[in-house]
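Chemist: Generate a structure from the sequence data that follows.
(one chain, ligands or ions: 1)
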Amino acid sequence: MSAARKIPATVITGFLGAGKTTLIRHLMENAQGKRIALVINEFGDLGMDREILSGCGVPGCEDENIVELANGCICCTVADEFLPTMEKLVLADNPPDAIVIETSGLALPKPLVKAFQWPEIRSRVTVDGVVTLVDAHAVAAGRFADDPDAVQKLREADEALDHDNPLEEVFEDQLSCADLVILNKADLLDEAGMDVLEQDLRARLRPGVKLVPAAYGKVDPAVLLGLDAGAEDDLDTRPSHHDDADGDHDHDDFDTFVVEFGAVEDLEALEARLAAAVEDHDILRIKGFLDIPGKPARMLVQGVGPRLDRWFDRPWKAGEERKSHLVVIGLHGIDRAAVAREIREGRTAAEAQAAPLSGSAGAA
Ligand SMILES: Nc1nc2c(ncn2[C@@H]2O[C@H](COP(=O)(O)OP(=O)(O)OP(=O)(O)O)[C@@H](O)[C@H]2O)c(=O)[nH]1
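Modeler: Modelled structure (predicted):
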């Protein structure tokens with residue numbers, strides 16, 4: 001097969017909650033007849049993004065059009081999961097016009113691009129571009145930067161400590177691998193804030209990489225697709241914190257788990273408990289569904305750092321178990337039992353007294 005007929009694959013990367021799923025939904029809504037296959041690489045075997053997309057009702061987002069790679073690190077499952085998935089897509093009787101891959105918000109994109117160098121894939125697919133979404137609001141708020149005081153305290157406690165910030169590393173790897181950067185959540189920053197952010201980020205990008213501001217991932221598909229980067233052929237220009245890792249790297253910086261509970265009678269109280277849990281623990285992301293009694297639809301909950309969004313996404317299906325369950329992603333070592341208890345029951349009186357909440361939400 002000639003290079004000209006390779007299927008273009010777009011890698012959508014970006015930290016947890018930057019807006020990848022939202023952008024993909026917008027892309028599918030505006031695909032204008034282009035047949036796009038979706039591959040989703042989740043962190044942990046939880047299937048939440050697939051569930052959110054297939055529940056959004058947009059043509060092209062049906063469950064059967066989405067392939068999920070359940071292991072958060074694609075480079076470790078290349079042979080078992082990624083290659084067979086890609087082969088199935090490209091060898092189908094009616095192969096897609098384009099492939100869009102949503103990486104886990106904790107994934108390093110370079111190993112994924114590297115996987116396209118495997119001979120079985122290279123002859124049929126090319127990486128059209130790595131599109132990195134940035135949560136402009138979170139970055140401007142310094143969420144990926146080290147807290148200098150905290151680092152100093154750690155250093156004082158342990159001279160030998162090699163302090164790497166896993167958030168910063170993932171974020172920088174995603175930037176330095178980009179062919180295009182979308183500054184998403186522009187609605188949450190003013191123009192001056194966006195300008196400062198743009199200047200700061202530009203210094204961390206490869207030369208010539210464009211920054212495009214956006215709200216809710218509303219970017220013209222013509223801007224996202226057709227970058228023609230052939231990224232698998234110029235990996236050397238995309239530095240990574242893990243270049244020296246020799247394929248042997250650590251997956252243990254982050255933990256993910258599910259908290260299940262019953263129908264939610266008092267939504268405001270739950271929101272206050274979630275806000276308290278986010279403040280008390282190293283929680284990076286919360287997403288899931290709630291059973292609200294008397295409502296025919298399930299409620300989708302999206303928490304990114306301290307921000308919490310919620311809306312009804314689709315009616316419960318006939319025979320579907322109505323349940324409330326939230327996926328929590330946090331830094332490694334997070335106290336799962338304490339988080340689950342706080343979400344289900346709230347802070348204990350002693351906890352509330354020991355650390356009054358800084359936000360507007362009070363402990364429930
Ligand atoms: N205000 C605002 N919220 C946004 C924007 N884009 C996405 N969101 C919200 O941010 C939350 C996370 O969006 P997602 O699209 O799920 O983010 P993601 O990058 O796919 O998240 P992970 O898969 O967990 O990494 C949701 O509540 C979205 O509605 C935006 O431009 N502005």
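Chemist: From here on, just use CA atoms for contacts and neighbour counts.
Modeler: Noted.
Chemist: could you turn the longest helix belonging to the chain into PDB, dropping everything but the C-alphas?
Modeler: Ranked by residue count, the top helix of the chain under DSSP state H comes out as helix 267-280. This file holds the C-alpha atoms of helix 267-280, laid out as PDB (Å, rounded to 0.1, in the frame of the first residue of the first chain):
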ATOM      1  CA  LEU A 267     -27.600  16.500  45.700                       C
ATOM      2  CA  GLU A 268     -26.400  19.600  47.400                       C
ATOM      3  CA  ALA A 269     -25.200  17.700  50.400                       C
ATOM      4  CA  LEU A 270     -23.300  15.200  48.100                       C
ATOM      5  CA  GLU A 271     -21.700  18.100  46.200                       C
ATOM      6  CA  ALA A 272     -20.500  19.600  49.500                       C
ATOM      7  CA  ARG A 273     -19.100  16.200  50.500                       C
ATOM      8  CA  LEU A 274     -17.300  15.900  47.200                       C
ATOM      9  CA  ALA A 275     -15.900  19.400  47.500                       C
ATOM     10  CA  ALA A 276     -14.600  18.500  51.000                       C
ATOM     11  CA  ALA A 277     -13.100  15.300  49.800                       C
ATOM     12  CA  VAL A 278     -11.300  17.100  46.900                       C
ATOM     13  CA  GLU A 279      -9.900  19.600  49.400                       C
ATOM     14  CA  ASP A 280      -8.800  17.000  52.000                       C
END
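Chemist: ok, the nearest residue to Ala18 once chain neighbours are set aside - contacts?
Modeler: Setting aside the residues directly before and after it, Ala18 is nearest to Asp135 in space (Cα to Cα, 6 or more residues apart in numbering), at 4.4 Å. Asp135 makes contact with Phe15, Gly17, Ala18, Gly19, Leu183, Asn184, Lys185, according to Cα atoms under 8 Å, 6 or more residues apart in numbering.
Chemist: got the residues you listed as TSV, with secondary structure and distance to Ala263 columns?
Modeler: Output for these, formatted as TSV (DSSP: H, G, I helix; E, B strand; the rest coil; distance: Cα to Cα, whole Å):
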residue	secondary structure	distance to Ala263
Phe15	coil	31
Gly17	coil	25
Ala18	coil	29
Gly19	coil	28
Leu183	strand	37
Asn184	strand	33
Lys185	coil	31
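Chemist: Looking at these, which is nearest Glu62?
Modeler: The closest of the contacts of Asp135 to Glu62 turns out to be Gly19 (Cα to Cα; 19.5 Å).
Chemist: just checking, that closest one touches Gly217?
Modeler: Yes: the criterion here is Cα atoms under 8 Å, and Gly19 meets it with Gly217 at 6.5 Å.
Chemist: list residues touching both of the two?
Modeler: Counting by Cα under 8 Å, 6+ apart, the residues touching both Gly19 and Gly217 are Asn184, Lys185.
Chemist: which parts of the stretch 251-364 of the chain sit against the ligand?
Modeler: Gln302, Asp309 (Cα under 6 Å from any ligand atom).
Chemist: Check the stretch 251-364 of the chain for the residue nearest the ligand and tell me.
Modeler: Gln302 (4.4 Å; Cα to the nearest ligand atom).
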